[in-house]
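A.B. asks: Fold the stuff below for me.
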Amino acid sequence: MFDITTRTLGELVAEVPGRAAAFDRVGLDYCCHGHRSLGEACVAAGLDAAMVATQLEDIGAAGAAGEHPEYPTEPAALTDFIETTHHRYLHDELPALDALAAKVCDVHRKRHPELADVHRLVAELRTELEPHLLKEERVLFPAIRALAGGAREFPFGTVANPVRMMSREHDRCGELLVELRAVTRDHAVPDDACASYRSLYERLAALEADTHRHIHLENNVLFPAALAAEAA
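C.D. replies: Predicted coordinates:
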């Protein structure tokens, strides 16, 4: 059997999208740090690489033969998929989540002072992501679509320039998600939490999972494909 611990996290999820949930469960970042090998990532996280590899192989074996990715692989079509799936979700969810975090913080911060940090981090995540989404929608994604039509000259020079900027912003987003997971103790809801408090933590967990898939598609699938298309 081929040793998958030498393969990168991004490759493993691109091959079998169902592996994303397994990485989320054990806390391995396959989006912003998708370039690391499974072995390296497990060593850094203090995980048994052989055990994680076995779980991933089981997930791969459980899939149908010839399983296709859950997203289009052609770059222009993938930009449309990302916008209609992940960008639309964030445009709707970020303002609502920011308001909910403020509400829960106001009501429960005396017993749970960490909620001040939760609210701060959610607000910062929104501040980082909303302009980021617009830059992709108005600059980078139109350029990637234009590449399909043969365009090779852009006002910003090579497509590698906005790709580099978006990748740096992805890194910051990933850092904020890690901080949110830490301050919420892995989104663990306290016993005295009200319905709004529970909803906040459940939605934060959902936001993290969706954003991990979103950044993975861009960093590990879309951006390499766009750079290859420009080079060709």
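A.B. asks: Tell me which helix or strand Leu94 sits in.
C.D. replies: Assigned by DSSP states H and E, Leu94 belongs to helix 88-108.
A.B. asks: now Ser199: how far from Glu230?
C.D. replies: 43 Å (C-beta to C-beta, to the nearest Å). C-betas here are computed from N, CA, C, even on glycine.
A.B. asks: ok so, going back, C-terminal to the helix holding Leu94, what's the next element?
C.D. replies: Assigned by DSSP H and E, the successor of helix 88-108 is helix 114-135.
A.B. asks: Contacts for that following helix next, please.
C.D. replies: For helix 114-135, contacts defined as C-beta atoms under 8 Å, 6 or more residues apart in numbering pick out 87, 90-91, 94-95, 97-98, 101-102, 104-105, 108-109, 162, 165-166, 169, 172-173, 176-177, 179-180, 183-184, 200, 204.
A.B. asks: what angle separates the longest helix along the chain from helix 114-135?
C.D. replies: Ordering each helix of the chain by length in residues (DSSP state H) puts helix 160-183 first. Calculated by axes from the mean of the first three to the mean of the last three C-alpha atoms, to 10 degrees, helix 160-183 forms an angle of 160 degrees with helix 114-135.
A.B. asks: And the contacts of the following helix or strand past helix 160-183?
C.D. replies: Sequence-wise, the next helix or strand downstream of helix 160-183 (DSSP H and E) is helix 195-216. Helix 195-216 is contacted from outside by 10, 13-14, 17, 20-21, 23-24, 29-32, 34, 82, 86, 89-90, 93, 97, 100-101, 103-104, 107-108, 118, 122, 170, 173-174, 177, 180-181, 184, 187-190, 193, using C-beta under 8 Å, 6+ apart.
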